[in-house]
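**Q** Structure, please.
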Amino acid sequence: MAQHQRSGRRGPAPAHTRDEIVAAAVAIADAEGLAAVSMRAVATRLGTAAASLYRYLDSRADLLNLMADAVIGELPAVTRPGDPFDALVEIAESLRLLFKRHTWLIEAAQNINNFGPNGLGYFERCLAAMASLPAPALVKLDVITMLPGIASVWARPQPGGLAFAGIDWSAYPNLAAALATAASGAQVAPDRVSDLFARTIRGLLRGLLG
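**A** All right, here's what the predicted structure looks like:
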């Protein structure tokens, strides 16, 4: 898809830059959720009129695309580029943490219809990581689009706990043993979610890329 373009509309110079508008929208989404992001809300945060935002933006959808691209720019550089699977697992973990920081991105990502420079940079980074692998280009592109989806699922808030009161565990011996083992090992592996996520991603990558 085409890269974001600046609006060429004429008129008085805007009081705020497009980056400032996007930053304000991201701050609103982080604090209140994506539904709270509107042209009026962003304009109010910036102390200006909603109509003035249209000098830089065509619509709220345009704003959401820019917001998503802005936070994708937070993805760090790969620190383990030598092994393609290590690099991709690192990218996936960065995505998971990104979705946890900006929970609204889970919803926004489903409606992105225009990739900006940071989104395109994500594709480029993943392809560079897979450059030494013989997998077809289409498979590599499938991997690139798969990683954010899986990362977003793992980033969703987990329920506070399951209620098992009043259960006759004699009918569920395997479940009872598994829960007991999990409870006893909870303090042994505090980063078990990250570890399990990495193992899951690595297994999927091995299956797809060989």
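
**Q** Helices along the chain, start to end?
**A** 18-32, 39-46, 50-53, 60-72, 84-101, 104-108, 117-129, 137-155, 173-185, 192-209 (DSSP state H).

**Q** Looking at the ones you listed, spot the one closest to Phe164.
**A** Of all these, it is helix 173-185 that lies closest to Phe164, at 7.6 Å by C-beta to C-beta. For glycine as for every other residue, the C-beta is placed from the backbone atoms N, C-alpha and C.

**Q** In terms of mean pLDDT, which of the helices of the chain ranks lowest?
**A** Note on the helices of the chain: lowest mean pLDDT is at helix 173-185, with a mean of 78.

**Q** Burial check on Ala87, number of neighbours?
**A** Residues lying near Ala87 (other C-beta atoms under 10 Å) number 19.

**Q** Now do the contacts for the residue lying closest to it once chain neighbours are set aside.
**A** Using C-beta to C-beta, 6 or more residues apart in numbering and skipping the chain neighbours, the partner closest in space to Ala87 is Ala129 (3.8 Å). Residues near Ala129 by C-beta atoms under 8 Å, 6 or more residues apart in numbering: Val78, Pro81, Pro84, Ala87, Leu88, Ile91.

**Q** Determine which residue lies closest to the centroid of the protein.
**A** Nearest to the mean C-alpha position of the chain, by C-alpha atoms, centre = their mean, lies Phe99 at 3.9 Å.

**Q** Look up how far Ala137 lies from the nearest residue to Lys140 once chain neighbours are set aside.
**A** Residue nearest to Lys140 in three dimensions, not counting chain neighbours: Met130, with 5.0 Å by C-beta to C-beta, 6+ apart. Met130 sits 9 Å away from Ala137, going by C-beta to C-beta, to the nearest Å.

**Q** Read off the pLDDT value for Pro12.
**A** 51.

**Q** Adding distance to Phe164 as columns, could you present the helices of the chain in CSV?
**A** What follows is the helices of the chain, written out as CSV (distance: least, C-beta to C-beta, whole Å):
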stretch, distance to Phe164
helix 18-32, 35
helix 39-46, 43
helix 50-53, 51
helix 60-72, 38
helix 84-101, 27
helix 104-108, 29
helix 117-129, 41
helix 137-155, 24
helix 173-185, 8
helix 192-209, 20
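
**Q** out of the ones you listed, which comes closest to Gly166?
**A** Here helix 173-185 is closest among these (C-beta to C-beta), at 13.8 Å.

**Q** The residue nearest to the centre of the chain contacts Ile106, correct?
**A** Yes: the pair Phe99 and Ile106 qualifies as a contact (C-beta atoms under 8 Å) at a distance of 5.7 Å.

**Q** still on that earlier bit, out of Met130 and Ala137, name the residue with the larger neighbour count.
**A** Higher neighbour count among Met130 and Ala137: Met130, with 22 against 9, using other C-beta under 10 Å.

**Q** dump the residue contacts of that one.
**A** Contact analysis of Met130 by C-beta under 8 Å, 6+ apart lists Pro84, Leu88, Lys140, Val143, Leu209.
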